[in-house]
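Enquirer: Show me the folded form of this:
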Amino acid sequence: MVLVAGIDEVRAAVADAHLVAAVGGHTHWEVGGPAPTGDEVFEARAPGGIVTYDPADLTVTVGAGTTCADLAAALAAEGQECALDPRDDGATLGGVLAAGLSGHRRLRHGPLRDHVLEVRFVTADGRLVKGGGPTVKNVSGFDLPRLLVGSLGTIGVIVQMTLRCQPRPETAAWFTTGADPFAIRRNTYRPSCIAWDGRRTSVLLEGIAADVAAERAAIGEPSAPGPPPAWPVGPHRGRVSVRPSALPILAPDLDAAGVRWVAEVGVGTVHVAADHEPALAAARAAATACGGWLLREAGAPSLDGFGRALPTAKLMERVRAAFDPSGKLSPGRLPLGGIPGE
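Expert: Take a look at the predicted model:
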């Protein structure tokens, strides 16, 4: 059964349910461990829509069921944006936060968790809990918004959030070059993204036109804007996380694994895709050898989760148990016995 209702209805239904899985746009349904399914699983869908929006304060409060596309359209009308940058605009905001996958502009704008000011979520026993606040001076206690980001629904069902907005850049353009991506990182000031596939480098520059022109000159080769990079696609996908300095070591091993890949230089995130599951497994082995991990994003059901135990796994399990002692919220989505997040 799927519930599309207000927050009070979600609270009552979650409290009465035996097992709960939060449902959004299904765009992150395969991330991490498998979502619980079956007749005994209650699938809760959070309400959508904008609750409050104050362009002057650069904050917006929205229902977690709101799609990223709807939020972007509302903010664009005021010349603003929230730099979430999901791979699929049909994703819901609750799903994006629960999956914890930062967008491709993380190099300039920071990780996903930095854009979240406040969350409201429903606990396993049906309580509505608020964490954070729209202004720093109103916040006390533990930083629950950051705790919820990447929790994959194991702590609570996110129903509402307040996000930090920012002005839309005057100019935004991609430039493609064959130059060394690591030299570009050293020679440019706050590019939004440096995407490298081992052969070509795509650089996203944002800001006022004069600054973008100056940064383009620092890159060297490109003379005109071009298309964005082709992010790897395929039936089996994952996201590698390694130290940014490990990318030159990892790159030839990913080629040998037979996967398509694009790395975010300066961040250490590598998007990988394969036509066959063994290739993605080989990419996971390469990531582990470099001291990182690979989070499954789609396909490859035998590669549940991340493939390597988090050093904080025991702490995370205690936190999860404190919020959900019955273990009924999205069991298996965040396997802590050998399997971490970004």
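
Enquirer: what residues does the longest helix seen in the chain touch?
Expert: Counting by DSSP state H, the longest helix found in the chain is helix 277-289. Residues outside helix 277-289 that contact it (C-beta atoms under 8 Å, 6 or more residues apart in numbering): 236-238, 240-242, 250, 253-254, 256-259, 261, 270, 272, 274, 293-294, 296, 299-300, 302-303, 307-308. No exception for glycine: its C-beta is placed from N, CA and C like everyone else's.

Enquirer: Compute the number of surrounding residues for residue 209.
Expert: The number of residues packed near residue 209 is 11, by other C-beta atoms under 10 Å.

Enquirer: Which residue, other than its chain neighbours, is closest to it?
Expert: Spatial nearest neighbour of residue 209, excluding adjacent residues (C-beta to C-beta, 6 or more residues apart in numbering): residue 171 at 4.7 Å.

Enquirer: before we move on, which element is the spatially most central residue of the chain in?
Expert: Geometric centre of the chain, nearest residue: residue 101, 1.4 Å, by C-alpha atoms, centre = their mean. In this structure, residue 101 sits in neither a helix nor a strand according to DSSP states H and E.

Enquirer: Give me the pLDDT value at the closest residue in space to residue 115 that isn't next to it in sequence.
Expert: Once flanking residues are discounted, residue 115 sits nearest to residue 164: 5.0 Å by C-beta to C-beta, 6+ apart. Residue 164 carries a pLDDT value of 95.

Enquirer: For the residue nearest to the centre of the chain, which residues are in contact?
Expert: Residue 101 touches 28, 31, 86-87, 112, 239, 297, 342, counting by C-beta under 8 Å, 6+ apart.

Enquirer: how close does the closest residue to residue 258 other than its chain neighbours get to residue 302?
Expert: Leaving aside its sequence neighbours, residue 258 sits nearest to residue 279 (C-beta to C-beta, 6+ apart; 4.4 Å). Distance, residue 279 to residue 302, using C-beta to C-beta, to the nearest Å: 13 Å.

Enquirer: go on, residue 9?
Expert: Look at residue 9 and residue 302: by C-beta to C-beta, they are 37 Å apart.

Enquirer: Let me know the helix or strand that the closest residue to residue 23 other than its chain neighbours is in.
Expert: Among residues not flanking residue 23 along the chain, residue 43 sits closest, at 4.4 Å (C-beta to C-beta, 6+ apart). Using DSSP H and E, residue 43 sits in strand 41-45.

Enquirer: ditto for residue 175
Expert: Here residue 175 sits within strand 171-177, counting by DSSP H and E.

Enquirer: Enumerate the positions of that strand that are buried.
Expert: By neighbour count on 16 or more other C-beta atoms under 10 Å, the buried set for strand 171-177 is 173-177.

Enquirer: Could I get those in a markdown table, plus columns for pLDDT?
Expert: As requested, the buried residues of strand 171-177 are arranged in a markdown table below (pLDDT from 0 to 100):
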| residue | pLDDT |
| --- | --- |
| 173 | 95 |
| 174 | 96 |
| 175 | 95 |
| 176 | 93 |
| 177 | 93 |
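
Enquirer: Between all of these, which two are at the greatest distance?
Expert: For the buried residues of strand 171-177, the maximum inter-member distance is 12.9 Å, found between 173 and 177 (C-beta to C-beta).

Enquirer: Got a ChimeraX select line for the buried ones in the contacts of helix 277-289?
Expert: Of the contacts of helix 277-289, the buried ones can be selected in ChimeraX as follows, counting by 16+ other C-beta under 10 Å:
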select :236,237,238,240,241,242,250,253,254,257,259,261,270,272,274,293,294,296,299,300,303,307,308
